[in-house]
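Student: Here is a sequence with its predicted model. Questions after.
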Amino acid sequence: MALTRSALSAKPLPPPAASSRHPRPPGTRVHLIGLGSVGRAFLSLEARPLGARSLESTHRVLGVSDRSATFFSARGVDAPELCHLKSRGRSLSEYSGSRFVSLEVLARLLPVDVVVDATDSSPSTTDVALRRTRTLIDSGKRVVLAAKNGLLAGVSEWLTSEYIARIGINAVLGGTGRALQQSLAQLRTHATEIACVPNATTTALIEAIERGSSFDEALERCRGLGLLEADASLDLDGTDAATKIAIVAKAVFAQSRAINDVSLSDIGPVNSAAELDPGLLRDRARRGLTTRLVARADRDSVRLQYESVPRGSALAVSSQRVVYTYSLDCGRRDVHVGTGLGPEGTAAALLADLTPARTGGDR
């Protein structure tokens, strides 16, 4: 039987008790895909009382999807109940009123403005992520991304004047994607080099080792902070950082054939973080230096390596932040600092991206 809008709205949840006293503004109608730690953190923002919300967060999550099913209600979802369900390791298919919905039906029938994609960035899901984003955009939805893999595959298409207002990349770049989109037209004309520290996990490892921790102790600290990817090797072997610099380089140096042809294998491999020399890291720290996994790009190449960095450098960012710097042909340098790290920080970066960034695109 064909799935209709009324079928998608079956068994709606009652409105929150407080809604009769404080009706929500119409806001942005949102559907969330992915109910892992980031998706649940995003739902937790939805569950806050209205008085605790900023103007940016006047949105309504009407539906959610995981790998097993979709739930949709025109009245909005019960965020605490869904978070409780998923935190116990259960699938959405066990939730009353949920049903399996294909991507094509989801894109065509759901009456929402924005789809928030909080799925993970595993390389094995790249083709699926690319198809999902393209299908949603082509159906007229705006897509806000946390995952990097699909964006890397589609960056030359989506960060153009035709599509840029229909995709959000703030969370992909640790809370700096919005600033990149806003300044992209200027950067494409005037940027000469990009230098960034895009991976907070390696920074946190280095900080802990500088203070005397073993690698295993430092890794457990990162895990406790929620900084590790679902596949920790993506952080440790440089894949996460390489993916981010590839995205940014392809966006900024869009007219460069050399950069458009760059693959992740061209950027790496970088030595695993597990191979860092603790003695060298601590010796640098005693001399007023630190070590960071630094990614660099210009119009001809992209590089990634661990570098000795002066403490006063913009690249000596703490593990609570990521930084992207853009050198311009006028001698100025633009610095974008982001705090969209861990599940809560990533969710906040997604929330900030629910409305399109003001940008001149690729004019």
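Tutor: Looks like it arrived, so ask away.

Student: For this structure, name the helix or strand with the lowest mean pLDDT.
Tutor: Ranked by mean pLDDT, DSSP states H and E, the weakest helix or strand in the chain is helix 5-8, scoring a mean of 40.

Student: quick one: buried residues of the helix or strand just after that one?
Tutor: Remark: after helix 5-8, the chain's next helix or strand is strand 28-33, criterion DSSP states H and E. Within strand 28-33, the residues that count as buried by 16 or more other CB atoms under 10 Å are T28, R29, V30, H31, L32, I33. The way it works is simple: take the backbone N, C-alpha and C, and place the C-beta from them, glycine included.

Student: can you pull out the helices in the stretch 201-350 of the chain?
Tutor: 215-225, 233-236, 239-252, 257-260, 264-267, 278-286, 342-352 (DSSP state H, counting those that start in this stretch).

Student: Show me what the second one packs onto, helices and strands only.
Tutor: Identification of packing neighbours for helix 233-236 by 3 or more CB pairs under 8 Å, 6 or more residues apart in numbering; DSSP states H and E yields helix 200-210.

Student: how about a cut-off of 10 Å?
Tutor: Contacts defined by 3 or more CB pairs under 10 Å, 6 or more residues apart in numbering; DSSP states H and E place helix 233-236 against helix 200-210, helix 215-225, helix 239-252.

Student: could you dump those helices to JSON lines with distance to G342?
Tutor: Converted to JSON lines, the helices and strands packed on helix 233-236 look like this (distance: least, CB to CB, whole Å):
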{"stretch": "helix 200-210", "distance to G342": "8"}
{"stretch": "helix 215-225", "distance to G342": "6"}
{"stretch": "helix 239-252", "distance to G342": "14"}
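
Student: Confirm that R75 lies within a strand, as I assumed.
Tutor: No: counting by DSSP: H, G, I helix; E, B strand; the rest coil, one finds R75 to be coil, located in no strand.

Student: How much space separates it from A347?
Tutor: Look at R75 and A347: by CB to CB, to the nearest Å, they are 22 Å apart.

Student: Just want to know which of the two has more residues nearby.
Tutor: Ranked by neighbour count (other CB atoms under 10 Å), R75 and A347 place A347 first, with 25 against 14.

Student: How much space separates that one from I259?
Tutor: Here the criterion is CB to CB. By it, A347 lies 31 Å from I259.

Student: who's in contact with V302?
Tutor: 194, 242, 245-246, 248-250, 253, 258-259, 262-264, 266-268, 295-296 (CB atoms under 10 Å, 6 or more residues apart in numbering).

Student: Just give me the closest of the buried residues of strand 28-33 to L354.
Tutor: Closest approach between those and L354, by CB to CB: T28, at 5.1 Å.

Student: can you pull up the bridge partners for the closest one?
Tutor: Note on T28: beta-bridge partners H59, judged by DSSP bridges.

Student: quick one, what contacts it?
Tutor: Neighbouring residues of T28 by CB under 10 Å, 6+ apart: E56, S57, T58, H59, R60, V61, V112, D113, V114, R142, L354, T355.

Student: confidence score at D266?
Tutor: Predicted confidence (pLDDT) for D266: 89.

Student: Grab the nearest non-local neighbour of it.
Tutor: Counting by CB to CB, 6 or more residues apart in numbering, D266 lies nearest to V302, which is 6.9 Å off, once chain neighbours are set aside.

Student: Tell me what the one you found is bridged to.
Tutor: Beta-bridge partners for V302, by DSSP bridges, are A297.

Student: Distance of the closest residue in space to G288 that isn't next to it in sequence relative to Q320?
Tutor: Using CB to CB, 6+ apart and skipping the chain neighbours, the partner closest in space to G288 is R311 (5.5 Å). From R311 over to Q320 the distance is 16 Å, taken as CB to CB.

Student: Between those two, which has more neighbouring residues?
Tutor: In this view R311 and Q320 are compared by other CB under 10 Å, and Q320 has more residues nearby, 15 against 11.

Student: so what's the more buried one up against?
Tutor: By CB under 10 Å, 6+ apart, the contact set of Q320 is A200, T203, A204, E207, L225, L227, T339, L341, G342, G345.

Student: Can you give me the neighbour number for the nearest residue to the fifth one once chain neighbours are set aside?
Tutor: Read it as L225. For L225, ignoring the flanking residues on the chain, the nearest one in space by CB to CB, 6+ apart is G342 at 5.9 Å. Neighbour count of G342, defined by other CB under 10 Å: 19.

Student: For ChimeraX, write the select line for the buried members of the contacts of V302.
Tutor: Command for ChimeraX, covering only those of the contacts of V302 found buried under the criterion 16+ other CB under 10 Å:
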select :194,242,245,246,248,249,250,253,259,262,264,267,268,295,296
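
Student: where exactly do the strands run in the stretch 101-250 of the chain?
Tutor: In the stretch 101-250 of the chain, the strands defined using DSSP state E, counting those that start in this stretch lie at 114-117, 142-145, 167-168, 191-197.

Student: Quick check: pLDDT value at E229.
Tutor: 79.

Student: Okay, helices next: where are they in the stretch 51-200 of the chain?
Tutor: Here the stretch 51-200 of the chain has its helices, by DSSP H, counting those that start in this stretch, at 79-87, 103-109, 126-138, 149-158, 177-190, 200-210.

Student: could you dump these to JSON lines with mean pLDDT and distance to R332?
Tutor: Converted to JSON lines, the helices of the stretch 51-200 of the chain look like this (pLDDT from 0 to 100; distance: least, CB to CB, whole Å):
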{"stretch": "helix 79-87", "mean pLDDT": "92", "distance to R332": "43"}
{"stretch": "helix 103-109", "mean pLDDT": "86", "distance to R332": "42"}
{"stretch": "helix 126-138", "mean pLDDT": "91", "distance to R332": "33"}
{"stretch": "helix 149-158", "mean pLDDT": "88", "distance to R332": "25"}
{"stretch": "helix 177-190", "mean pLDDT": "96", "distance to R332": "9"}
{"stretch": "helix 200-210", "mean pLDDT": "96", "distance to R332": "26"}
